[in-house]
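J.: Got a predicted structure here, sequence first:
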Amino acid sequence: MPEFAHKGWRLFFEDRGQGPPVLLLHGLFMDHSMLDPMVDALSGRYRVITPDLRGHGRSEHRTEERTLWDVMEDQVALLDTLGIERAVWGGASVAGPIALRAALRHPDRVVGLVLISTQAGPEHATRLPAYEAWADAVAKQGWTEDALLGSATTNFGRSTPEALRHRWMERWRAQPVDDVREIMRSLTRHESLLERLGDVHVPALVLYGDDDDIALQLDEVEQMVHALPKVFDFVRIAGAGHSPTLEQPEAAAAAVGGFLDSLSRSQGVKW
């Protein structure tokens, strides 16, 4: 897997396929591989770039505060490194607001948005203290069984196969914990974008797993959908929790592929 550097961080990414470029970003404490089923489905006709965000996967870990704006600028630097001027930006969970930040600050770099299991407001008041308490416990005690089960329950729906849950629990168990607090605070302390969504002028596809009743509530997603000026489609995926690209990969990839094909027809294959 190749890497690049930005602001002193060593950051890894994968770059697969050929065609119009699509940048897909993973969720909190996940890594680029949560998007592999999407890449497998799309890379025959699109160039799909999937980085590991700061402190995730094979990218560098540091006990250093970072904001979602910082992480977004990492991705602009990645596109610059690859010589890509414009791309569709997609983000799962916390990466949805990262993609939205790109559309607000760098509208010339964003062709469209794929927003998966995400919302544009502040972190919900009932979840915020629980998430920060969980991160404090992991930083102090490591990836205990309770911490692993909590993460699996948040990220996956009730019908998710146990093998998938356990595969990710083992991945988390192998991750460092020194920077867990800093990673979590990038989510819990980010500001709302709801009042600014009227300035997002590119088409957006929104995906939501119908079993996602812990990490994200439907009304939060609907707020974002109603505030975005150009929603191409709002797709609710049955049998998926907070990670539909892993839980229902065929349905998620079909929705994203249809959106990209529509953009390609309207924008031209060079975006």
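T.: Done, it's in. Numbering: from 1, shown residues only.

J.: Using the three-state scheme, assign Val206.
T.: strand (DSSP: H, G, I helix; E, B strand; the rest coil).

J.: State the distance from it to Gly8.
T.: Using C-beta to C-beta, to the nearest Å, Val206 is found at 34 Å from Gly8. C-betas here are computed from N, CA, C, even on glycine.

J.: And the two? Which one has more around it.
T.: Each of Val206 and Gly8 has its neighbours counted (other C-beta atoms under 10 Å); Val206 has more, 25 against 8.

J.: Touching, Pro249 and Pro37? I think so.
T.: Yes. Taking contacts as C-beta atoms under 8 Å, Pro249 lies within contact range of Pro37: 3.3 Å.

J.: Find residues that contact each of these two.
T.: Contact criterion C-beta atoms under 8 Å, 6 or more residues apart in numbering; residues shared by Pro249 and Pro37: none found.

J.: quick one, what contacts Pro51?
T.: Pro51 makes contacts with Leu11, Phe12, Phe13, Glu14, Leu23, Leu25, His32, Ser59, Asp74, Gln75, Leu78, as judged by C-beta under 8 Å, 6+ apart.

J.: In the chain, where is pLDDT below threshold?
T.: 1, 268-270 (pLDDT under 70).

J.: circling back: mind putting the contacts of Pro51 in CSV, secondary structure, neighbour count and distance to Arg66 included?
T.: Below are these laid out as CSV (DSSP: H, G, I helix; E, B strand; the rest coil; neighbours: other C-beta atoms under 10 Å; distance: C-beta to C-beta, whole Å):
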residue, secondary structure, neighbour count, distance to Arg66
Leu11, strand, 26, 12
Phe12, strand, 19, 16
Phe13, strand, 23, 17
Glu14, strand, 20, 21
Leu23, strand, 28, 18
Leu25, strand, 30, 14
His32, helix, 23, 18
Ser59, coil, 22, 11
Asp74, helix, 22, 9
Gln75, helix, 27, 13
Leu78, helix, 19, 15
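
J.: and which of those residues is nearest Leu149?
T.: His32 (24.0 Å; C-beta to C-beta).

J.: my guess is that closest one contacts Phe13, does it?
T.: Yes. Using C-beta under 8 Å, His32 is in contact with Phe13, at 7.1 Å.

J.: ok, now which ones touch the residue lying closest to Glu123 once chain neighbours are set aside?
T.: Once flanking residues are discounted, Glu123 sits nearest to Thr188: 4.8 Å by C-beta to C-beta, 6 or more residues apart in numbering. For Thr188, the contact set (C-beta under 8 Å, 6+ apart) comprises Glu123, Leu128, Tyr131, Glu132.

J.: List the buried residues in the helix or strand containing Asp40.
T.: Taking DSSP states H and E as the criterion, Asp40 maps to helix 36-42. Within helix 36-42, the residues scored as buried using 16 or more other C-beta atoms under 10 Å are Asp36, Pro37, Met38, Val39, Ala41, Leu42.
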